[in-house]
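Trainee: sequence unknown, structure follows:
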C-alpha cells in the first residue's frame, strides 16, 4: 500500500511542479518548462517547497494536510501553485483511512479512555471527508469552478447506526456547512439558470440516512437563499428523509438538542418566506416519537431527555388545532425497550489514575495544595527543594518502569505511557529536567509501533504533547521541535518543519 501511495504521490508531485503545457509542444520543451517552474518556485519559496517535499514520505492523510497548509499559507503568492497543491491534496485525501470524523458523546477534564482520545484524534480533521471538505473550502477562494467539481467528487461515507455500547457518533457538520457555501457561491449565473444548484441540493437532502444529519441539513436549508417554493419543496424532502431514518438512540440522543434548534430556525425561515412549515414539523414529531419510544440506551432512557424534548416541542411547535402537530404526551415517548450502556474502554483503572493524579498535583502545586483551579503552580525556585526533586525523580522512575501488561493492547500501553510523560514535562523544572523528559517523549513516540496501527491516534498525541510544550513557552517549544527534527522519524520531522513553516491555524 505504501509503495502504491508513494508512486501516486510522485505522479502528483510531478504535476504539482509543472506549468500548463502548450498544445503540441515537443516533449523536450515541456520538460524544460516544468524544470523552469520548479527552479523558480524553489528559489522563491525554498521553505514551502521543502515542506511539500517532506510530505512525500508521510501517510496520505498527513501529506494531504501539509499540502493544504502550504497552499493556504499567506507566504505563498503563487496562485497556480496553490491550485495544484490543492488538487494534489484532494487526491491524497481520498486515500485517508478514516472515512469521516467522529466525536465522543461525553468527556471529562482528563482523557482516561479510548473513546475520548479517539475523539481527540478525529479533531485533527484528517479523515477523508474533513480533508476533502477543507480542500474544497480553500479552493473556493481561488477557483469556484474547480471547487464545485471537487465537491461533487467527494465520496460520501456510509454513516452507521450506532449501538448503545458505542461512545462515538459520526460528525458531518463541517461538510454541510461547506454545502451551504457551495450552494450560495459555487455556481455561475448560467448554472443557476439551469437549476444546477437545485439539483445538487436535492441530492444532499434526499440521501439523508442518519440522525446526525437532521440538524445540519435543516440549517443548510434555513441558511439558503431559496425561494418560497424551493424552500417548501426541500422542506418536504427533508420531512420524507426523516420518516425513513431508522431509530438509533445513541446518535439521536447526542444530537437532538442541536437538531431542535436547527429545526426551529428552518421553521422560522419558512414562515418568513410565507411557506407552510406544517409538513416538516409533523415529520419531526414522528421522528421524535419513533426514537424516544423505540429501543433506548440505559444511560439516555431516563425521563430527563424525554421531558426536555417534550417541553421544547410543545412550547415551540405544538398545535391543538392540527392532530399531526399535537402536543407530545408521556405515553407517546415511553421506551419500548432499554438496552445497555456505553463502553468507554478505559485505558487506566480508577485506582491507578487517582494515585497518579494525586502525585501529579503534588508536583504541580505542592503537597497540601488546595483545589486545582484555585491554586498557583510551584515556581522553578520552589521546585529546587530536595523533597520536590526526589519526588519528581520517583515520578519519572515509575514512568520508566511502565511496561505492557500481559495481553494488554498496544493502544492502552501507548496512551498510558505518553500521557504520563506529557504530564511529567508540564511539571518539570525548566532546563535539564525538562529537556530530559522531552527527549524521553520523542524517543517513545519514535519507537512506538502504534504509529503503524493507528496513525491518527499516534499523531494526535504528537500534537497534544506539542501543545503542552508551546504552553511552557518559546524555549520549550523550540526544544521539542528540535528533538522531533533530530528523531530520524519522517513523520516527526515533517511535523516539526511544518509547524515552523506553515503553522496549523485550524
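Mentor: Sure, I can see it. This is a predicted model, so every value here is computed, not measured. Numbering: from 1, shown residues only.

Trainee: so where's the chain uncertain?
Mentor: For the chain, the stretches with pLDDT under 70 are 1-28, 107-110, 505-506.

Trainee: can I see the domain layout of the chain?
Mentor: 1-97, 112-339, 350-501 (automatic domain parsing).

Trainee: end to end, how far does the last one reach?
Mentor: The distance separating the two terminal residues of domain 350-501, taken as CA to CA, to the nearest Å, comes to 41 Å.

Trainee: heads up, I number from 584, so please use that
Mentor: In the new count, where the first residue is 584, that last one comes out as domain 933-1084.

Trainee: for residue 688, find the nearest of the domains of the chain.
Mentor: For those, proximity to residue 688 was assessed by CB to CB; domain 695-922 is nearest, at 4.7 Å. To be clear about C-beta, it is placed using only N, CA and C from the backbone, and glycine gets the same treatment.

Trainee: now do the same end-to-end measure for the closest one.
Mentor: Using CA to CA, first and last residues of domain 695-922 are 24 Å apart.

Trainee: what sits up against the helix or strand where residue 776 lies?
Mentor: In this assignment (DSSP states H and E), residue 776 forms part of helix 772-777. Residues external to helix 772-777 that are found in contact with it (CB atoms under 8 Å, 6 or more residues apart in numbering): residue 780.

Trainee: what residues sit buried inside stretch 667-686?
Mentor: Buried residues in stretch 667-686, counting neighbours by 16 or more other CB atoms under 10 Å, are found at 667-676, 678-679, 681-686.

Trainee: and that stretch, how far from the chain's centre?
Mentor: Using CA atoms, centre = their mean, to the nearest Å, we find the averaged C-alpha position of stretch 667-686 to lie 12 Å away from the chain's own average C-alpha position.

Trainee: next, the contact list for residue 730, please.
Mentor: Contacts of residue 730 were listed using CB under 8 Å, 6+ apart, and they are 719, 720, 722, 723, 765, 769.

Trainee: hmm, who's touching stretch 819-832?
Mentor: Defining contact as CB under 8 Å, 6+ apart, one finds that stretch 819-832 is touched by 744-745, 747, 785, 788-794, 797, 800-801, 804, 849, 862-863, 865-867, 869-870, 873-874, 877-880, 883-884.

Trainee: can you say which of these are buried?
Mentor: Buried residues within these, defined by neighbour count using 16+ other CB under 10 Å: 744-745, 747, 788, 791-794, 797, 800-801, 804, 849, 862-863, 865-867, 870, 873-874, 877-880, 883-884.

Trainee: of the residues you listed, which belong to helices?
Mentor: With helices defined by DSSP state H, the entries of the buried ones among the contacts of stretch 819-832 inside them are 788, 797, 800-801, 804, 849, 862-863, 865-867, 870, 873-874.

Trainee: from the residues you listed, which is closest to residue 701?
Mentor: When those are compared for distance to residue 701, the smallest value, 23.7 Å, is given by residue 797; criterion: CB to CB.

Trainee: look up the closest residue to the closest one, ignoring the ones flanking it.
Mentor: Nearest residue to residue 797, sequence neighbours excluded (CB to CB, 6 or more residues apart in numbering): residue 842, at 4.6 Å.

Trainee: any idea how far the one you found is from residue 801?
Mentor: For residue 842, the distance to residue 801 under the criterion CB to CB, to the nearest Å works out to 7 Å.

Trainee: do residue 1001 as well
Mentor: When distances are taken as CB to CB, residue 1001 and residue 801 turn out to be 40 Å apart.

Trainee: what do you get for residue 793?
Mentor: With CB to CB as the criterion, residue 793 and residue 801 are 14 Å apart.

Trainee: who are the contact partners of residue 1047?
Mentor: Listed by CB under 8 Å, 6+ apart, the contact partners of residue 1047 are 703, 1005.

Trainee: show me where the stretch 884-1033 of the chain has helices.
Mentor: Remark: helices of the stretch 884-1033 of the chain, listed N- to C-terminal, are 886-899, 933-948, 963-966, 969-983, 993-1010, 1015-1030, 1033-1036; assignment by DSSP state H, counting those that start in this stretch.

Trainee: which strands or helices does the longest one pack on?
Mentor: This means helix 993-1010. helix 697-705, helix 933-948, helix 969-983, helix 1015-1030, helix 1033-1036, helix 1038-1054 (3 or more CB pairs under 8 Å, 6 or more residues apart in numbering; DSSP states H and E).

Trainee: in it, what counts as buried?
Mentor: Judged by neighbour count using 16+ other CB under 10 Å, the buried positions of helix 993-1010 are 994-1010.

Trainee: same question for the third one.
Mentor: For helix 963-966, a neighbour-count test (16+ other CB under 10 Å) marks residue 966 as buried.

Trainee: what's next to it, contact-wise?
Mentor: Defining contact as CB under 8 Å, 6+ apart, one finds that helix 963-966 is touched by 949, 971, 972, 975, 1012, 1013, 1014.

Trainee: nearest residue to the last one in space, please, no chain neighbours.
Mentor: The spatially closest residue to residue 1014, leaving aside those adjacent along the chain, is residue 963, at 7.8 Å (CB to CB, 6+ apart).

Trainee: how close does that neighbour get to residue 1055?
Mentor: Using CB to CB, one gets 11 Å for the distance from residue 963 to residue 1055.

Trainee: then residue 747?
Mentor: In this structure, residue 747 lies at 41 Å from residue 1055, with CB to CB as the measure.

Trainee: kindly report the same for residue 727.
Mentor: From residue 727 over to residue 1055 the distance is 43 Å, taken as CB to CB.

Trainee: then residue 967?
Mentor: Per CB to CB, residue 967 is found 17 Å from residue 1055.

Trainee: comparing these two, which residue is more hemmed in?
Mentor: When neighbours are counted by other CB atoms under 10 Å, residue 967 and residue 1055 differ, and residue 1055 comes out ahead with 17 against 11.

Trainee: that one touches residue 1005, doesn't it?
Mentor: No. When contacts are counted by CB atoms under 8 Å, residue 1055 is not listed as touching residue 1005 (11.2 Å).

Trainee: need the helices for the stretch 584-733 of the chain, in chain order.
Mentor: Under the criterion DSSP H, counting those that start in this stretch, helices of the stretch 584-733 of the chain are mapped to 585-599, 610-627, 629-637, 643-655, 662-676, 697-705, 711-723, 727-736.

Trainee: and residue 956, which of those is closest to it?
Mentor: Nearest to residue 956 among the helices of the stretch 584-733 of the chain is helix 697-705 (20.1 Å), distances taken as CB to CB.

Trainee: list the contacts of that closest one.
Mentor: The contact list for helix 697-705 (CB under 8 Å, 6+ apart) reads 681, 684-687, 690-691, 694, 750-751, 754, 925, 927-930, 994-995, 998, 1037, 1039-1040, 1042-1044, 1047.

Trainee: residues touching residue 688, list them.
Mentor: For residue 688, the contacting residues are 750, 751, 752, 833, 836, 837, 925, taking CB under 8 Å, 6+ apart as the criterion.

Trainee: how about those residues in a markdown table, adding distance to residue 858 and secondary structure?
Mentor: Shown next, in a markdown table, are those (distance: CB to CB, whole Å; DSSP: H, G, I helix; E, B strand; the rest coil):
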| residue | distance to residue 858 | secondary structure |
| --- | --- | --- |
| 750 | 40 | coil |
| 751 | 37 | strand |
| 752 | 32 | strand |
| 833 | 34 | helix |
| 836 | 30 | helix |
| 837 | 30 | helix |
| 925 | 40 | coil |
